[in-house]
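J.: no sequence on hand, only this structure:
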Ligand SMILES: [Ca+2]
Ligand SMILES: [Ca+2]
Ligand SMILES: [Ca+2]
C-alpha cells in the first residue's frame, strides 16, 4: 500500500472518528423523532470488522425470494416447516431504482447496470456519502410475536466493490422492540481492500449473525452506504449490491 494511500486512510479515519461525535454523519445517528439511542444494548462483532472476506463471485441467492437454504451458512437446513426469507425489499435493486429504500444521503449515487454482484443492477456511489435505509415491521409481515420472542437468528450480509482505489462503506443494523427501542445493534465501517488500479477491484462481504438477543423483537432498521475514497466526481465510489437480512420462520 502506497504511503500516500496510508496517509489518506489516516485522514479518513480521523474524519470518521470526528464524524462519530456528530450524530448525522453518515446517516447513522438521529434522523427523526423516533430514533432511539443506540448505546443501550449495543453489541458488535470485532471479528466481522475490517476483515472483509473475499468473494468468488458466486454469492448465495440474494434476490429477496424465499429460500429453504440455511440462514447461518453452516450447512444445516432449516427445521421442517420453516422457511428462510430475505426481509429486505428490492435488496439487489433489480428494479433499476431505489424502490423500497429511503435514501437518506444521495450525493449523486445511482442504480446502474454494470458491475453487479447479483443480477444486473447495483448502487454506484460518488464523491460524497450515500446512505439508504429500510425499516422492517416484522409483525406487519405476518410474523408471530410469540415466535419473535424466541429471538430467532438473523443473518446479515452485504457486498461492496471498490472502483479504482480503496473506498469506504458502512452497514448498521438495529433490532428494535415494540416501542422502537434498540435491543441489539451491529455496525461496521470498512474500506475495500484494494490499491490503486482496476485490476484488484472485486467484491468483499460483510457478514454478521444476530442470536441470543433480548426478547421483544418487532422491528429491524437496516442502513448501508459508502462513497468514493478519492472524492472524485462521476461514479468512482464503492459499489453496493445484494444485501441480505435473512430470518428463518415457521411457514
Ligand atoms: Ca443487483
Ligand atoms: Ca474509488
Ligand atoms: Ca483497485
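T.: It's in. Note that the coordinates shown come from a computational prediction; the quantities given were computed from them, not determined experimentally. Numbering: from 1, shown residues only. Ligands and ions are numbered 1, 2, ... in the order given.

J.: helices along the stretch 101-250 of the chain, start to end?
T.: In the stretch 101-250 of the chain, helices defined by DSSP state H, counting those that start in this stretch lie at 145-148, listed in chain order.

J.: how about the residues of it that lie near ligand 1?
T.: With Cβ under 5 Å from the ion as the criterion, the stretch 101-250 of the chain meets ligand 1 at residues 116, 118, 119, 121, 241. For the C-beta atoms, the positions are set from N, CA and C on the backbone; glycine is no exception.

J.: wait, doesn't the second one sit right on residue 92?
T.: Pointing back at residue 118 there. Yes. In this structure, residue 118 is within contact of residue 92 by Cβ atoms under 8 Å, at 4.6 Å.

J.: quick revisit: which pair of the residues of the stretch 101-250 of the chain next to ligand 1 spans the longest distance?
T.: Set against one another by Cβ to Cβ, these have their most distant pair in 118 and 121, with a gap of 9.0 Å.

J.: shared neighbours of the two, anything?
T.: Taking Cβ atoms under 8 Å, 6 or more residues apart in numbering as the contact definition, residue 118 and residue 121 share the neighbouring residues 92, 94, 241.

J.: residue ranges in the stretch 151-251 of the chain under the pLDDT threshold?
T.: Low-confidence regions of the stretch 151-251 of the chain, defined here as pLDDT under 70, do not occur.

J.: how about it: which residue is closest to ligand 1?
T.: Taking Cβ to the ion as the measure, the stretch 151-251 of the chain has residue 241 as its residue closest to ligand 1, at 4.4 Å.
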